[in-house]
Every structure is written in C-alpha cells, then in structure tokens.
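# Can you look at this prediction? I've put the sequence above it.
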Amino acid sequence: MKGSNGKLGRKKERAISALLEHDTLADAARAIGIGEVTLWRWLQEAEFKSAFRDAKRRLLDEALTTLQKATRKAINALVSILEDQGKPASARVTAAKTILETAIKGLQVEELEGRVEQLERTVSERKENRSYEQ
C-alpha cells in the first residue's frame, strides 16, 4: 500500500486496500481471503484503525484534488449558461443561483477559518500564560 510505514503485515495492508475498494466488510474480507470476523477484529486494533483512517484521508485528499481541478470548468459552464440568452430562463436562473450560493458558502468558510484561527491563537496564548505563571 502506498505510503505504508511497513508496521502492518502485507495481509493487513491488503485488507485496508480492500476496505477502500469494496462496499461491505464481507466483500472486502472475501476479496483478500480472510473471514469477516477477522477483518472486524483488525478494525478494532488501534494500529490498524489508524492506518485505515490515514488511507481514507489520503483517498479523500486525492478526490478533493480531482474536484478542485474541475472547478474552473464547472464555473465556466455555469457562467456560459448564465450568459447564454438562448438558454431557458430557468436554466440561467439556476446557474445564477448556484454561482451566488457557492460564492456565499465560500465566504462563510473563509470567515469561519479566520475565527477558528483566532480562537486557536487565543487558546495557545492562554496556555502559554498559564505555563509561565506556574
């Protein structure tokens, strides 16, 4: 498995890949030739659970990167529909609404990120002040 630290055995690494590729625990277990109960037990182990979480995070990161690469095309498609007077009014309104809603959500996310960063700084400063006082 790409990015593995080698601590898990090959079978467990294959199990993580199978869990990512299959819809059910039973299908994943069957794909690598182990019992479903064995796979379930592995999922209870801290090291396996952590490696599985990391693999899911990497998979999600890859998916998000793919989506981000398509963002420009999506925006261009919406703008094209919005500006095309030959398109039905309902399609143009939907495109406009989508653009506006997405822009507003983006601003809200940026605002929340700023607020979280400020809270993290405040907590960090308070922790530092407490450690100096002790």
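Yep, that arrived.

# Return stretch 54-70 as CSV; C-alpha atoms alone will do.
Extracted as CSV, the C-alpha positions of stretch 54-70 are listed here (Å, rounded to 0.1, in the frame of the first residue of the first chain):
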residue,chain,number,x,y,z
ASP,A,54,-4.8,7.5,7.2
ALA,A,55,-5.6,5.6,4.0
LYS,A,56,-9.1,7.0,3.9
ARG,A,57,-7.7,10.5,4.4
ARG,A,58,-5.3,10.1,1.5
LEU,A,59,-8.1,8.8,-0.7
LEU,A,60,-10.3,11.8,0.2
ASP,A,61,-7.4,14.2,-0.4
GLU,A,62,-7.0,12.7,-3.9
ALA,A,63,-10.7,13.0,-4.6
LEU,A,64,-10.7,16.6,-3.4
THR,A,65,-7.7,17.4,-5.6
THR,A,66,-9.6,16.0,-8.6
LEU,A,67,-12.7,18.1,-7.8
GLN,A,68,-10.6,21.2,-7.3
LYS,A,69,-9.0,20.7,-10.8
ALA,A,70,-12.5,20.5,-12.3
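
# And the average pLDDT for it is what?
Averaged across stretch 54-70, pLDDT comes to 94.

# do stretch 83-101 as well
When pLDDT is averaged over stretch 83-101, the result is 96.

# okay, now the domains of the protein?
Domain assignment of the chain by automatic domain parsing yields the ranges 1-72, 84-134.

# I appreciate the help and will end here.
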